[in-house]
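Trainee: Can you look at this prediction? I've put the sequence above it.
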Amino acid sequence: MRLEGKNIILGITGSIAAYKAAMLLRLLIKEGAEVQVVITPAGKEFITPVTLSALSNKPVVSEFFGANDGSWNSHVDLGLWADIMLIAPATATTIGKMANGIADNMLVTTYLSAKCPVLVAPAMDLDMFAHPSTQRNISILKEYGNSIVEPGEGELASGLSGKGRMEEPEKILEIVVEQLSRKKKLLNKTVLVTAGPTYEKIDPVRFIGNHSSGKMGYAIAEELAKQGAQVTLVSGPVSVSTNNRNINVVKVVSAQEMYAASISAFKNCDAAVMCAAVADFTPVKTEDQKTKRGKENWNIELEPTKDIAAELGRVKTKKQVLVGFALETNDEVANAQKKLLKKNLDFIVLNSLNDKGAGFGVDTNKITIVDRNNNQKVFELKSKVEVAKDIVEKIVEVGLE
Ligand code: CTP
């Protein structure tokens, strides 16, 4: 009984693979889990709630209100109760609603309230799965920190053959067991992460900024939290966000604000990951009024900002782990090594602008990790979520275990 004492939400949506959900439910129950089924209206067209409630020993949740007695199903309570939420099968529609927060049924509202890990097993026709819209929504879910159980190749209900078949229930069970028994490696640790760009104000409407999206830093914060760490995320202006309760987001705008917030948080941290693209220069003076267009050139005098990573490197104790990033265009490894020593880092994550798929704005990254013993590990091109796992693994390895 590998799932004894575990609470699982099994979300079922309107796919022909819903019949496999009954088998999956049986396997979860046999392993000792308590399972609450939440089904979408379309899901009920494929499998009856009676089958599912008989297998789970519980009424199936589908509507916001009970039709007979007007009782209210609390998606918030459900979301907090669960150790894991599993959506199998997940249709293109449900994946799209989850990615975009369209909470028009119990399943998606429960998903939005859930604080637990979420596992999504897509099931659809091959062309629907391959469509850029579906792929974009899946990558948004990955960014939210959800795990995707990749569908397999094979015969589909449409008669076509290709990628879109929901993974077999036995395999999904093993993934659930593995996720729930994974040891958290950073329990009781506190980690500072800086992310995003900084904006240096020129006048009330203009600033100097850069193209950093914050995606890498937010992915690292999510992964650290997944491993049990309490995270302070000092973030410049970005459009990504997190609702992870173990991540405390401190929003800043300028390099000076990021410096102050980071210095103050670092005192109580076991580690810091300097992922932000901090402006290296800031205007010497900020105009109170908008500067009007004129015929003359406009020269703005810039002064260097404070180097946050270098300052943390100066004050850090032997027990604290400090990680920096380097975005280079030439002599990449040599430049990264210089930065590592200059800023007293424990290791540095190198991105080269010469690698396709690495750097600003994209969902992928290609990194090389260089440490103080001059070990260099080159990683392949991966999603930023996967890259975050490699970086956190290295943090654990160099001293936070
Ligand atoms: N960094 C920082 N504070 C700054 C500038 C950089 O904390 N004011 C951190 C970045 O978050 C990154 C590392 O230092 O982890 C290296 O940043 P990078 O811009 O590559 O290095 P610089 O020292 O600014 O060198 P250069 O831009 O000249 O390559």
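Mentor: It's in. This is a predicted model, so every value here is computed, not measured.

Trainee: Do you know the pLDDT at the residue nearest to Phe65 when sequence neighbours are not counted?
Mentor: Closest residue in space to Phe65, ignoring its immediate chain neighbours: Trp72 at 6.0 Å, by CB to CB, 6 or more residues apart in numbering. Glycine gets a C-beta too; all of them are placed from N, C-alpha and C. The model reports Trp72 with a pLDDT of 70.

Trainee: ditto for Phe360
Mentor: 74.

Trainee: Then Leu80?
Mentor: At Leu80 the predicted local confidence, pLDDT, stands at 85.

Trainee: same check, this time on Gly145
Mentor: Gly145 carries a pLDDT value of 83.

Trainee: OK, contacts around it?
Mentor: Pro117, Val118, Ala219, Glu222, Glu223, Lys226, Asn244, Val385 (CB atoms under 8 Å, 6 or more residues apart in numbering).

Trainee: Spell out which parts of the stretch 51-200 of the chain neighbour the ligand.
Mentor: Counting by CB under 6 Å from any ligand atom, the positions of the stretch 51-200 of the chain adjacent to the ligand are Thr194.

Trainee: Check the spacing between the residue of the stretch 51-200 of the chain found nearest the ligand and Val118 real quick.
Mentor: With CB to the nearest ligand atom, the shortest gap between the stretch 51-200 of the chain and the ligand falls at Thr194, namely 5.9 Å. For Thr194, the distance to Val118 (CB to CB, to the nearest Å) stands at 27 Å.

Trainee: Name the residue in the two with the higher neighbour count.
Mentor: Thr194 (32 against 21; other CB atoms under 10 Å).

Trainee: Spit out the contact partners of that one.
Mentor: Taking CB under 8 Å, 6+ apart as the contact definition, Thr194 lies against 217, 233-235, 258, 262, 272-276, 278, 308.

Trainee: Got a ChimeraX select line for the buried ones in these?
Mentor: Buried subset of the contacts of Thr194, written as a ChimeraX selection, criterion 16 or more other CB atoms under 10 Å:
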select :217,233,234,235,258,262,272,273,274,275,276,278,308
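
Trainee: Mind checking which of the contacts of Thr194 are in strands?
Mentor: Leu233, Val234, Ser235, Ala272, Val273, Met274 (DSSP state E).

Trainee: about what we covered before: may I see the contacts of Thr194 arranged in CSV, with distance to Leu302 and pLDDT as well?
Mentor: Compiled in CSV, the contacts of Thr194 are given as follows (distance: CB to CB, whole Å; pLDDT from 0 to 100):
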residue, distance to Leu302, pLDDT
Gly217, 24, 96
Leu233, 27, 98
Val234, 23, 98
Ser235, 23, 98
Met258, 17, 98
Ser262, 21, 98
Ala272, 26, 98
Val273, 27, 98
Met274, 21, 98
Cys275, 23, 97
Ala276, 18, 98
Val278, 14, 98
Ile308, 18, 98
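
Trainee: check the contacts of Thr194 against the ligand, which are close?
Mentor: Contacts with the ligand within these, as defined by CB under 6 Å from any ligand atom: Met274, Ala276, Val278, Ile308.
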